[in-house]
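Visitor: quick check, what structure comes out for this input:
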Amino acid sequence: QVLLVESGGGLVQAGGSLRLSCVSSGPTASRYLMGWFRLAPGKEREFVAGINWNGLSTDYADSAEGRFTISRDNGKDTVYLQMNSLKPEDTAVYYCAAGSSLLLTRKYDYWGQGTQVTVSS
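Guide: Purely as a prediction, here's the structure:
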């Protein structure tokens, strides 16, 4: 079992930046694939970014490529999502996720409670 707690969401103007954090807990938390998803009103949950257990491989949705950066610090059991050049369409609840599948499957087993990101125009 892995528990995930996100933080760092908020209100930001278009073009601004935010950094989301997700602290994981559990006996093998640092060995999990970690990722970020988002859910906007009226839309389906969308994959944003993923990172493998040692941080050497990453995967991004087209909408995030070049603007968002996922990273992790296993010493702190924390994964980050640095979001730059934010757009109003990035407004959503962002969820941290953990899983034991391969990175590019984008399959995750555990989910955090979410943090709201609102980008004003």
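Visitor: go through stretch 87-99 and flag the buried ones.
Guide: Buried residues in stretch 87-99, counted by 16 or more other C-beta atoms under 10 Å: 90-99. To be clear about C-beta, it is placed using only N, CA and C from the backbone, and glycine gets the same treatment.
Visitor: so what touches stretch 68-84?
Guide: 17-25, 29-30, 34-36, 48-51, 53-55, 58, 60, 67, 90, 94, 96, 117 (C-beta atoms under 8 Å, 6 or more residues apart in numbering).
Visitor: let's see 7 Å
Guide: 17-25, 29-30, 34, 36, 48-51, 55, 58, 60, 67, 90, 96 (C-beta atoms under 7 Å, 6 or more residues apart in numbering).
Visitor: got it, and stretch 98-116?
Guide: By C-beta under 7 Å, 6+ apart, the residues outside stretch 98-116 that reach it are 2, 4-9, 20, 22, 24, 32-35, 47, 50, 52, 57, 59, 93-97.
Visitor: let me see the contact set for the residue sitting nearest the centre point of the chain.
Guide: Centroid-nearest residue in the chain, with C-alpha atoms, centre = their mean: residue 36, separated by 2.4 Å. Taking C-beta under 7 Å, 6+ apart, we find residue 36 in contact with 20, 48-49, 70, 81, 94-96.
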